[in-house]
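Enquirer: have a look; sequence and predicted model below, questions after that.
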There are 2 protein chains.
Amino acid sequence: MRNFADFAETTITRKQLYQGKIIDVALDDVQLPDGGTSKRELVFHAGGVGIIALTPENKMVFVRQFRKPLEKVILEIPAGKIDPGENDHPEVTGKRELEEETGYTCSSMTHIASMYLSPGFSNEMMHIYQANNIKKTDNPKSQDEDELLELYELTLDEAEQAIKDQTICDAKTVYAINWWKLLLAQRSV
Amino acid sequence: MRNFADFAETTITRKQLYQGKIIDVALDDVQLPDGGTSKRELVFHAGGVGIIALTPENKMVFVRQFRKPLEKVILEIPAGKIDPGENDHPEVTGKRELEEETGYTCSSMTHIASMYLSPGFSNEMMHIYQANNIKKTDNPKSQDEDELLELYELTLDEAEQAIKDQTICDAKTVYAINWWKLLLAQRSV
């Protein structure tokens, strides 16, 4: 197994291209381990939290929303971006987003997985948490002003059908459903 | 269930911020369905293909490489970006990347899944294919000049351990391993 130093690309110069609300974009000139040079296009993102929420009826909670990059309405697990100050506590993001997006609160959050979504150009990490003992609240935190969401609760069969017909087509949501399927498969052993 | 029109955000103006080799970046002013306005930061990407390649010894093929956005060396399934002209044939991308990155060829590719990785700001879609009947070739296509890769072949147990110790930490690779686990679980029923 080769060492880190055999692989590492060192930054010669970094050019900031854009600093936005959700992403920062930069272009690096890098020195390759063999002495050559190349360019790396980079998107920096604070990371997000996706929430697996199962109801007492053993349905999973989803939100339906418009996604501008796709120009489509899709079904996803509740999720949101980590706000400044929440870096060390993604479960705080998770609780907030669950309540804002679905009106459910939970007793606690269990960490399930953390994954880079697109490590070729982005450092965005998606943390997946399970919300325990979810309960409808009478006074939910209000949604973000510019987010219109519709709530859905699906059985595993319905969720798998939604993957087949591409209503569910994003990585964190497919992950959540596979996690659920494996959980039930293990329980039935 | 509400209609598409109830959700759709229409573009008022689009500002191109960057046009690169891997990504294009734009900022949209949008009109929300309720009449309000907002901004959407957008990253456009041609999409990628990730390859599930199982050896006759029932090990999965991985590549270890440095990822500049993470400043880390990680283990991933072989994968690559869809080139111009390959849009309707991601399996062509898959065969090329498998051979370039691992020196394996295959008899055919089976489509497993297609997922948006980060639909909040990006249209990047990852297509997952299984490579059938992989075989080491004597004269592999050469790797991209600016990519240094190290080949690994792991059992399911080893791959799950690599997820636990975060050597494997990206969404497409975790998806591939869960898919493999479900496949073996179904076979053993």
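Expert: Everything's here; your move.
Enquirer: what sits against the closest residue to A:P84 other than its chain neighbours?
Expert: The shortest distance from A:P84 to any non-neighbouring residue, by C-beta to C-beta, 6 or more residues apart in numbering or on different chains, is to A:A46 (7.6 Å). In short, each C-beta sits where N, CA and C put it, glycine included. A:A46 is in contact with A:81-84, A:87, counting by C-beta atoms under 8 Å, 6 or more residues apart in numbering or on different chains.
Enquirer: in chain A, which residue sits furthest out from the middle?
Expert: A:G35 (36.4 Å; C-alpha atoms, centre = their mean).
Enquirer: where does that residue fall, phi/psi-wise?
Expert: Phi and psi for A:G35, reported as degrees, to the nearest 10, are phi 100, psi -20.
Enquirer: that one: what's it in contact with?
Expert: Per C-beta under 8 Å, 6+ apart, neighbours of A:G35: none.
Enquirer: about what we covered before: which of the contacts of A:A46 sits closest to chain B?
Expert: Nearest to chain B among the contacts of A:A46 is A:K81, at 7.6 Å by C-beta to the nearest C-beta.
Enquirer: the closest one touches A:I23, doesn't it?
Expert: No: using C-beta atoms under 8 Å, A:K81 is not in contact with A:I23, being 10.0 Å away.
Enquirer: which neighbours do those two share?
Expert: Common contacts of A:K81 and A:I23 (C-beta under 8 Å, 6+ apart): A:H45.
Enquirer: okay, those two: which has more neighbours?
Expert: Between A:K81 and A:I23, A:I23 has the larger neighbour count (other C-beta atoms under 10 Å in any protein chain shown), namely 22 against 17.
Enquirer: buried among the contacts of A:A46? Need that as a selection in PyMOL.
Expert: Buried members of these, defined by 16 or more other C-beta atoms under 10 Å in any protein chain shown, are picked up in PyMOL with:
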select buried, chain A and resi 81+82
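Enquirer: circling back: how far away is the residue farthest from the centre of chain A from chain B?
Expert: According to C-beta to the nearest C-beta, to the nearest Å, A:G35 stands 12 Å off from chain B.
Enquirer: try A:T55
Expert: In terms of C-beta to the nearest C-beta, A:T55 sits 19 Å off from chain B.
Enquirer: and if you look at A:Q186?
Expert: 8 Å.
Enquirer: ok, now A:E124?
Expert: To chain B, A:E124 is 6 Å away according to C-beta to the nearest C-beta.
Enquirer: now do the contacts for that residue.
Expert: Counting by C-beta under 8 Å, 6+ apart, A:E124 touches A:43, A:45, A:47-48, A:116-118, B:118.
Enquirer: redo that, cut-off 10 Å
Expert: A:22-23, A:43-48, A:81-82, A:115-118, B:69, B:117-118, B:120-122, B:171 (C-beta atoms under 10 Å, 6 or more residues apart in numbering or on different chains).
Enquirer: what segments of chain A are helices?
Expert: Under the criterion DSSP state H, chain A contains helices at A:4-7, A:90-102, A:156-164, A:171-187.
Enquirer: quick one, which of those is nearest to B:T137?
Expert: helix A:4-7 (24.4 Å; C-beta to C-beta).
Enquirer: tell me the buried residues in the closest one?
Expert: So for helix A:4-7, counting by 16+ other C-beta under 10 Å, buried means A:F7.
Enquirer: kindly report the same for stretch A:31-45.
Expert: For stretch A:31-45, burial by neighbour count (16+ other C-beta under 10 Å) applies to A:32, A:38-43, A:45.
Enquirer: tell me which of those residues fall in strands.
Expert: A:38-43, A:45 (DSSP state E).
Enquirer: got TSV for those residues, with distance to chain B too?
Expert: Converted to TSV, those look like this (distance: C-beta to the nearest C-beta, whole Å):
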residue	distance to chain B
A:S38	4
A:K39	7
A:R40	4
A:E41	5
A:L42	5
A:V43	6
A:H45	8
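Enquirer: for the residue sitting nearest the centre point of chain A, give the beta-bridge partners.
Expert: What sits nearest the mean C-alpha location of chain A, by C-alpha atoms, centre = their mean, is A:M126, with 4.0 Å. With DSSP bridges as the criterion, A:M126 is bridged to A:G48, A:M115.
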